[in-house]
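1. Sequence and predicted structure are below.
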Amino acid sequence: MTQPQAIQLDAAHFDAKARQWDENPVFRERGLKIADAIREAVPLHQQMRALDYGCGTGLLSFPLRDELGAMLLADSSGGMLEVVKEKIAAQGVSNMTTLQLDLLIDPPPQRFDLIVTSMTLHHVPDTDQILRVFHDLLQPGGYLCIADLDQEDGSFHGIEVDVHHGFDRADLSRRAALAGFADIRFQTVFSIAKEQAAGPRDYPVFLMTARRTRP
Ligand SMILES: C[S@@+](CC[C@H](N)C(=O)[O-])C[C@H]1O[C@@H](n2cnc3c(N)ncnc32)[C@H](O)[C@@H]1O
């Protein structure tokens, strides 16, 4: 029997979704809830240089913009970044820039005091590599905030879609520690309800916060 072809959610997939992204109230509420949790977990200030990796349309960054310094909104999807650029211009935001970036391939930009990433880690094939890159990109004392799905059975995207099926907290914590992170903490910040064949189902979203403590 032939195996079904795995479906890749590449940059073209997100390019096609970008214009409608902000119409989804769940995506908007998720961004606000994650921003609230980051605000409570990290002492944000206006000198902090921040990276939002896999920023999409900026639904996490925009709520935090007045509490941070320079913000780089980076994504591998040019379509998402077009929408972000329009929002920056329309709202007259002065502390945000954008960059088309895949950190598994492209050279890293400058260092940051804070890296945030929402619902992107499960799209990055090599978790250990991206955690190491995040660690290298942070200034000593800097914070990493990852929001993503708790481990699930593949039904969130569909079993044929080639992404991580969420993350086991203990396993991700161990990987983050191996990458050099300390002060690793988890909390549940949101839950995404989906109608599945067997009935309604909730998919919890965690926020992991961690620090680079090494010089
Ligand atoms: C599920 S969306 C989340 C968007 C946004 N963070 C939010 O919470 O609304 C995942 C985003 O990650 C981006 N992405 C996927 N793989 C990436 C990679 N390797 N490097 C950078 N961005 C990536 C996609 O283009 C997309 O914008």
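-> Here it is on my side, so go on. Residues are numbered from 1 along each chain as shown.
2. CA atoms for contacts and neighbours, from now on please.
-> Noted.
3. Tell me which helix or strand residue 202 sits in.
-> Using DSSP states H and E, residue 202 sits within strand 199-212.
4. can you check residue 27 too?
-> Following DSSP H and E, one finds residue 27 within helix 25-41.
5. any idea of the angle the strand holding residue 202 forms with helix 25-41?
-> Interaxial angle, strand 199-212 versus helix 25-41 (axes from the mean of the first three to the mean of the last three Cα atoms, to 10 degrees): 30 degrees.
6. For the remainder of this discussion, apply numbering that starts at 297.
-> Got it, first residue is 297 now, which makes that one strand 495-508.
7. what lines up beside strand 495-508 in the sheet?
-> In the sheet, strand 495-508 lines up against strand 434-445 (antiparallel), strand 477-492 (antiparallel) (DSSP bridges).
8. most neighbours per residue, which of the ones you listed?
-> Counting by mean count of other Cα atoms under 10 Å, strand 434-445 has the highest mean neighbour count of these, with a mean of 23.
9. pull the CA atoms of it into PDB?
-> What follows is strand 434-445, C-alpha atoms only, in PDB (Å, rounded to 0.1, in the frame of the first residue of the first chain):
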ATOM      1  CA  LEU A 434      20.100  36.400  22.900                       C
ATOM      2  CA  GLN A 435      22.200  38.800  25.000                       C
ATOM      3  CA  PRO A 436      23.300  37.300  28.300                       C
ATOM      4  CA  GLY A 437      20.300  37.700  30.600                       C
ATOM      5  CA  GLY A 438      17.900  37.800  27.600                       C
ATOM      6  CA  TYR A 439      14.500  36.100  27.600                       C
ATOM      7  CA  LEU A 440      13.000  33.500  25.300                       C
ATOM      8  CA  CYS A 441       9.200  33.200  25.200                       C
ATOM      9  CA  ILE A 442       7.700  30.300  23.100                       C
ATOM     10  CA  ALA A 443       4.000  29.900  22.800                       C
ATOM     11  CA  ASP A 444       2.900  26.700  21.100                       C
ATOM     12  CA  LEU A 445       0.600  23.700  21.200                       C
END
